[in-house]
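Asker: this one's structure only:
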């Protein structure tokens, strides 16, 4: 006969966070095990980093060899940004000593999802030392009052 | 030496050399600096690490297979470099084997080259180099040369293991850490750590080429940086930001 087990809220929460961590790990591995370039689109994927502070989300994107004026930052929807930048010159696989792939790249391109609600229209941009910095003020939609 | 890790010598190993380490870590400072040293000093591969504990991976150079962890050298310098991040599971055994091997070759000092991340790195006008040492004499030596010591805090990664292991076996050791980006390859920081190395040891290299090729290096190093981020997360590298509670 199956026994009914009462699970505490802490067990449920622990389980939830474990599952979440496992999913995140899988997602991260999926991202990792694909090339950081797209031969057809002639683009390379830049490194990026997202930091959430109490007031804003700061996104940085490493855009080496990029012409500042060529950088395009487009909000795709409420939580997604697309970044496209043209490099000063074409980069070929052979520039890195790779001869078993053919192709050349002149653009850096990526999409990124902002993890909390933000005001996309208030986006601030800065480009310094080849790093693009995007600042997005946070939109605090709900606050729970402390009783 | 650990049975699981073999160090295969390809050339005669000099005795009494300074042994350096450049492993993937924050900003890839150590790897970029080490690769520059190999090129500028024309160092030859003298040994390599062979182990089933490592990822089943080889590095192909000019069509020939190489271990991802190799030791380069000349008459007075040995330099261990890894071209891919070493997993948290294997790091202790790899570092112990390399240090024991270095000791068996009578290395007079061990120095690990690495970075220390700072916020708003792109606004930093100057990048400082810090040091930690395996004993008070070494710490004083670097401080006397004008390098600031890391007095309190946590250190995570190969350089941490190196320092502790060297302290245990009584081998003088230093870790040099240049301020850098956390998640982006940082050739400027690599140039600074090399200046720190020159100050401590007198091993000087021209860093102009490194800075000139900086943007290209950043583009080329994206994939190694990405994998290093994953390994840093497995090692809980973020603990370096923590404020320790010391029990005196």
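Answerer: Looks like it came in fine. It should be emphasised that the depicted structure is a prediction, and the values quoted were computed from it without experimental measurement. Residues are numbered from 1 along each chain as shown, chains lettered A, B, ... in the order given.
Asker: Please make it C-alpha for all contacts and neighbour counts, starting now.
Answerer: Fine.
Asker: Run through the residues that contact the closest residue in space to residue A:37 that isn't next to it in sequence.
Answerer: Among residues not flanking residue A:37 along the chain, residue A:44 sits closest, at 4.1 Å (C-alpha to C-alpha, 6 or more residues apart in numbering or on different chains). Residues near residue A:44 by C-alpha atoms under 8 Å, 6 or more residues apart in numbering or on different chains: A:36, A:37, A:38, A:105, A:107, A:108, A:109.
Asker: closest to chain B among these?
Answerer: residue A:36 (7.0 Å; C-alpha to the nearest C-alpha).
Asker: what's near enough to touch the residue nearest to that closest one when sequence neighbours are not counted?
Answerer: Closest residue to residue A:36 apart from its sequence neighbours, by C-alpha to C-alpha, 6+ apart: residue A:45 at 5.2 Å. Neighbouring residues of residue A:45 by C-alpha under 8 Å, 6+ apart: A:36, A:37, A:38, A:108, A:109, A:110.
Asker: Let's see the pLDDT reported for residue A:45.
Answerer: pLDDT recorded at residue A:45 is 95.
Asker: what's the neighbour count on the residue nearest to residue B:207 when sequence neighbours are not counted?
Answerer: In space, residue B:207 comes closest to residue B:191 once its chain neighbours are excluded; the distance is 5.7 Å by C-alpha to C-alpha, 6+ apart. Neighbours of residue B:191 under the rule other C-alpha atoms under 10 Å in any protein chain shown: 25.
Asker: Next, residue B:191: secondary structure please.
Answerer: helix (DSSP: H, G, I helix; E, B strand; the rest coil).
Asker: I'd assumed residue A:66 was in contact with residue B:218.
Answerer: No. Between residue B:218 and residue A:66 there is no contact under C-alpha atoms under 8 Å: 11.6 Å.
Asker: Give me the more crowded residue out of the two.
Answerer: Neighbour comparison, residue B:218 and residue A:66: the larger count goes to residue B:218, with 25 against 20 (by other C-alpha under 10 Å).
Asker: Spit out the contact partners of that one.
Answerer: Residue B:218 neighbours (C-alpha under 8 Å, 6+ apart): A:64, B:184, B:185, B:186, B:187.
Asker: where's the residue in chain A that chain B sits nearest to, which helix or strand?
Answerer: Here the residue of chain A nearest chain B is residue A:64; by C-alpha to the nearest C-alpha that distance is 5.0 Å. Using DSSP states H and E, residue A:64 maps to neither a helix nor a strand.
Asker: just residue B:225 next, same as before
Answerer: Following DSSP H and E, the helix or strand that holds residue B:225 is helix B:222-234.
Asker: Pull out the buried positions in that helix.
Answerer: For helix B:222-234, burial by neighbour count (16 or more other C-alpha atoms under 10 Å in any protein chain shown) applies to B:222, B:223, B:224, B:225, B:226, B:227, B:228, B:229, B:230, B:231, B:232.
Asker: isn't the second one right next to residue A:36, touching?
Answerer: Yes. Using C-alpha under 8 Å, residue B:223 is in contact with residue A:36, at 7.0 Å.
Asker: can you give me the helices for the chain?
Answerer: With no chain named, the answer covers chain A. Secondary structure of chain A (DSSP state H): helices located at A:9-32.
Asker: Correction: the question concerned chain B.
Answerer: B:29-40, B:91-104, B:136-144, B:158-169, B:187-201, B:208-212, B:214-220, B:222-234.
Asker: of all the ones you listed, which lies closest to residue B:244?
Answerer: Comparison of these against residue B:244 by C-alpha to C-alpha identifies helix B:158-169 as nearest, at 15.4 Å.
Asker: got the angle for that closest one vs helix B:29-40?
Answerer: Helix B:158-169 runs at 80 degrees relative to helix B:29-40, counting by axes from the mean of the first three to the mean of the last three C-alpha atoms, to 10 degrees.
Asker: interface residues of chain B facing chain A?
Answerer: B:122-123, B:183-184, B:215-216, B:218-220, B:222-223, B:226-227 (C-alpha under 8 Å from any C-alpha of the partner chain).
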